[in-house]
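J.: Curious how this folds, go ahead:
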Amino acid sequence: MRFQTDLIPGTLIRRYKRFFADCQLDDGREVTAHIANTGPMTGLVEPGTRVWLEPSDNPKRKLKFSWKLAEFDGGVFVGVDTGAANTIVGEALEAGQIAAFAGAQVRREARYGEKSRVDFLLSFADGPDLYLEVKSVTLLRQAGLAEFPDTVTTRGAKHMGELAQMRAEGHRAGILYLVQRNDCQRFAVAADIDPAYAEAAARAKAAGLETYVFDTDIGPQGITLNAAQPLPVQDALES
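T.: Next comes the predicted model:
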């Protein structure tokens, strides 16, 4: 996924009301950027954080910038737009880059469960359909360890239950955690943050849920899924 326009660097002044970030651009201008992320963004919103903003010339937009990346020492980039995860995964699926899903026909936002839509429905010529949910991961509390979720997610637990139901009906079901940062080598469910989600994930796994974790190649030009080597999953982190 390439960004639509060249990103503009700056410094975070403050994040507020979840969706807004006041930033100072490198040229001295102060602007307010939209944030497509409803979570706490733990570790990403300290004043002084290096930010990369995408400008827009759409006259209908109230805010002319969107916050896309945070940057930290050592060339560490983090994608803060949770909505980008489906775009990144969708591009990888349609290009056939993920070996486990090679040859699949890809359908987005298919209805399933209880008035829900699955992120991707993958159909194979020689086997059952795979219902695949995607989660964007940005939380890091231990060096090299990506975690999900970063806050309580009743919606995420609901998805786990619906995926388990798809398994009970004879379909394949999977969860793909996309790590939108380039400093992680492993992944865990943060059970101390949301025990209910961790329990739902464990039940779904016992029912046959498939778990996939990929990191990303990420920088100011764009973000792509790194399909070369999935990240290993370790036991859920308890409180």
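
J.: So which residue is smack in the middle of this protein?
T.: Ser136 (1.3 Å; Cα atoms, centre = their mean).

J.: does that residue have beta-bridge partners, and which?
T.: Leu178 (DSSP bridges).

J.: hang on, isn't it packed against Thr87?
T.: No. The criterion here is Cβ atoms under 8 Å, and Ser136 misses it with Thr87 at 10.7 Å. The C-beta positions use only the backbone N, C-alpha and C, and glycine is treated the same way.

J.: what about the residue lying closest to Arg2 once chain neighbours are set aside, how many neighbours?
T.: Nearest non-adjacent residue to Arg2, counting by Cβ to Cβ, 6 or more residues apart in numbering: Gly222, 3.9 Å away. Using other Cβ atoms under 10 Å, Gly222 is surrounded by 18 other residues.

J.: Now Arg108: closest residue in space that isn't a chain neighbour?
T.: Phe120 (6.0 Å).

J.: What residues does the one you found make contact with?
T.: For Phe120, the contacting residues are 89-90, 93, 106-108, 110, 131-132, 134, by Cβ atoms under 8 Å, 6 or more residues apart in numbering.

J.: in the sheet, who's paired with the residue nearest to Arg2?
T.: Assigned bridge partners for Gly222, using DSSP bridges, are Arg2, Gly219.

J.: how close does it sit to Gly208?
T.: 35 Å (Cβ to Cβ, to the nearest Å).

J.: Show me the domain layout of the protein.
T.: 8-79, 84-225 (automatic domain parsing).

J.: Point out the most buried one among these.
T.: domain 84-225 (a mean of 18; mean count of other Cβ atoms under 10 Å).

J.: ok, which stretches of this protein are helices?
T.: Taking DSSP state H to define them, one finds helices in the chain at 84-94, 154-168, 195-206.

J.: Nearest to Val179, out of those helices?
T.: helix 84-94 (9.7 Å; Cβ to Cβ).

J.: what's that closest one packed up against?
T.: Applying 3 or more Cβ pairs under 8 Å, 6 or more residues apart in numbering; DSSP states H and E, one finds that helix 84-94 makes contact with strand 105-112, strand 116-124, strand 127-137, strand 172-179, strand 222-225.

J.: what angle sits between that helix and strand 116-124?
T.: Relative orientation of helix 84-94 and strand 116-124, computed by axes from the mean of the first three to the mean of the last three Cα atoms, to 10 degrees: 20 degrees.

J.: and the nearest residue to Thr87 once chain neighbours are set aside, how many neighbours does it have?
T.: Distances taken as Cβ to Cβ, 6+ apart place Met1 nearest to Thr87, at 5.1 Å, with adjacent residues excluded. Look at Met1: counted by other Cβ under 10 Å, it has 21 neighbours.

J.: mind checking how far Ala143 is from Gln180?
T.: With Cβ to Cβ as the criterion, Ala143 and Gln180 are 17 Å apart.

J.: Check Arg186 too.
T.: Counting by Cβ to Cβ - Arg186 and Gln180 are separated by 16 Å.

J.: same check, this time on Ala100
T.: Taken as Cβ to Cβ, the span from Ala100 to Gln180 is 20 Å.

J.: Over to Ile218?
T.: 7 Å.

J.: now Asp235
T.: 23 Å.

J.: Could you verify my assumption that Asp235 touches Phe187?
T.: No. Assessed by Cβ under 8 Å, Asp235 is found out of contact with Phe187, at 10.9 Å.

J.: Give the residues shared as contacts by these two.
T.: Joint contacts of Asp235 and Phe187 (Cβ under 8 Å, 6+ apart) do not exist.

J.: List the contacts of the residue located most distally from the centre of the chain.
T.: Farthest-out residue of the chain from its mean C-alpha position, per Cα atoms, centre = their mean: Gly28, at 31.2 Å. With contacts taken as Cβ under 8 Å, 6+ apart, Gly28 has no neighbouring residues.
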